[in-house]
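Enquirer: Show me how the following folds:
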Amino acid sequence: MDPRIIKLADLLVNYSCNVQAGDKVLIDYEGDCCKNLVRQLVKKVYAKGGLPYVDIRDSAVTREILLDCTEEQIEFMNECSLQKMKGMQAYIAIRAGGNTAELSDVPSDKLNMYYRLTSPTLDYRVNETKWVILRYPNNSMAQLANTSLEAFEDFYFDVCTLDYGKMDHAMDALVDLMNRTDKVQIKGPGTDLTFSIKDIPAIKCAGECNIPDGEVYTAPVKDSMNGIVSYNTPSEEQGFTYENIVFEIENGKIVKATSNDNDRINQLLDTDEGARYFGEFALGVNPYILEPMKDTLFDEKICGSFHLTPGASYEDAPNGNKSAVHWDLVMIQRPEYGGGEIYFDDVLIRKDGIFTLPELACLNPENLK
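Expert: As a prediction, the model looks like this:
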């Protein structure tokens, strides 16, 4: 057994989910390559006195179901899943599917219906359980990262098992500053945006809900955002890769959206009323993640990035926006990606991906590695 797998399993059970005696833990995985990790998770949960349960997913099977599904069918599917989730105290999801575009030819109306009708299970899991989600290295992910599998595995375990306790402490100053901030202004290529985060809590993410991790998030006041944002990283959503996404925003609402497929992106944003408003604003700080690889769990943590998310807000940083959509879209502001500035209450706090205030320097990459 690769000792790095054992270390990762220990991190997920004992740090991310803090499993206690008697906890029921649902381990939900896709991909044969992660079976050794699943086995170690079962062992670790038992060692803590917990009770492990395992679900196996297959996106090719999911595709077949969705192609001809009905509302009644998905509603019942959600009822079954929600009942199971309500019995769990913790949830660990591992994704290692072989084809990230498996759902690309499922009609948009079917996908939107599926995500809308299954959102109660997602909401319960996010708000009522101890949970963590991660990808697992396989050939598909290595290809997305344009590396060999061995090189990607080395990168993966460096990223996923860094000192999250150190990161957690370093985030305190940024959380405090965001909690005192009203106006945010973001500038960069094709981007000039203002909004308020007043009285919405800032939440640090240092290995508890995502692996890899490394972000601090809050939410914009729902109707406060105005301007334009041009994202410079691709995003795979519902099996399709979106590129060159540009949003024009008035009073919090996306009034114009363009990308490499204008019809498709607007259909997604019309899933429900909340999908054209924003539910999250976050700064990424993971020092090991530098380039996008069309995997949200990695890309949203990119060092020197921010993400601004159409759709639902989180319960611990609420702005009142409800939606079946929560789409993390990333803009990198390091110089090689065009640079950019972020201001809090008219004070420059980050330039070209580097924090400029002395109290935030602990979050710069040289201090987190």
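Enquirer: For the spatially closest residue to K253 that is not a sequence neighbour, which residues are in contact?
Expert: Among residues not flanking K253 along the chain, R276 sits closest, at 5.1 Å (Cβ to Cβ, 6 or more residues apart in numbering). Every C-beta, even on glycine, is put in place using the N, C-alpha and C of the backbone. Contact analysis of R276 by Cβ atoms under 8 Å, 6 or more residues apart in numbering lists K253, I254, V255, L269, D270, P310.
Enquirer: Now flag whichever of those is closest to E300.
Expert: P310 (13.5 Å; Cβ to Cβ).
Enquirer: Just after the particular helix or strand that has the closest one in it, pick out the following helix or strand.
Expert: Using DSSP states H and E, P310 maps to strand 305-310. Next along the chain after strand 305-310, taking DSSP H and E as the criterion, comes strand 329-332.
Enquirer: Neighbouring strands - and their directions - for the helix or strand following that following strand?
Expert: Per DSSP H and E, the first helix or strand lying C-terminal to strand 329-332 is strand 341-344. The strands beside strand 341-344 in its sheet (DSSP bridges) come out as strand 183-188 (antiparallel), strand 347-351 (antiparallel).
Enquirer: tell me the secondary structure for the residue positioned nearest the centre of the chain?
Expert: In the chain, the residue lying closest to the centroid (Cα atoms, centre = their mean) is L297, at 4.8 Å. State at L297, reduced to three classes by DSSP: H, G, I helix; E, B strand; the rest coil: helix.
Enquirer: what does F247 give?
Expert: With three-state DSSP as the basis, F247 sits in strand.
Enquirer: so what's it bridging to?
Expert: Note on F247: beta-bridge partners V229, A257, judged by DSSP bridges.
Enquirer: That one contacts K256, correct?
Expert: Yes: counting by Cβ atoms under 8 Å, F247 does reach K256; the two are 7.2 Å apart.
Enquirer: The two: who's more crowded?
Expert: Neighbour count, other Cβ atoms under 10 Å: between F247 and K256, F247 has more, with 26 against 12.
Enquirer: rewinding a little: top of the contacts of R276 by neighbour count?
Expert: Result: P310 is most packed of the contacts of R276 (other Cβ under 10 Å), 28 neighbours.
Enquirer: Roughly how far does the nearest residue to that residue once chain neighbours are set aside sit from K43?
Expert: Among residues not flanking P310 along the chain, W327 sits closest, at 5.1 Å (Cβ to Cβ, 6+ apart). Remark: distance between W327 and K43 (Cβ to Cβ, to the nearest Å) = 36 Å.
Enquirer: what about these two, which has more around it?
Expert: The residue with more neighbours, out of W327 and K43, is W327; 25 against 13, by other Cβ under 10 Å.
Enquirer: ok, that one - contacts?
Expert: By Cβ under 8 Å, 6+ apart, W327 lies in contact with S235, E237, L268, T309, P310, G311.
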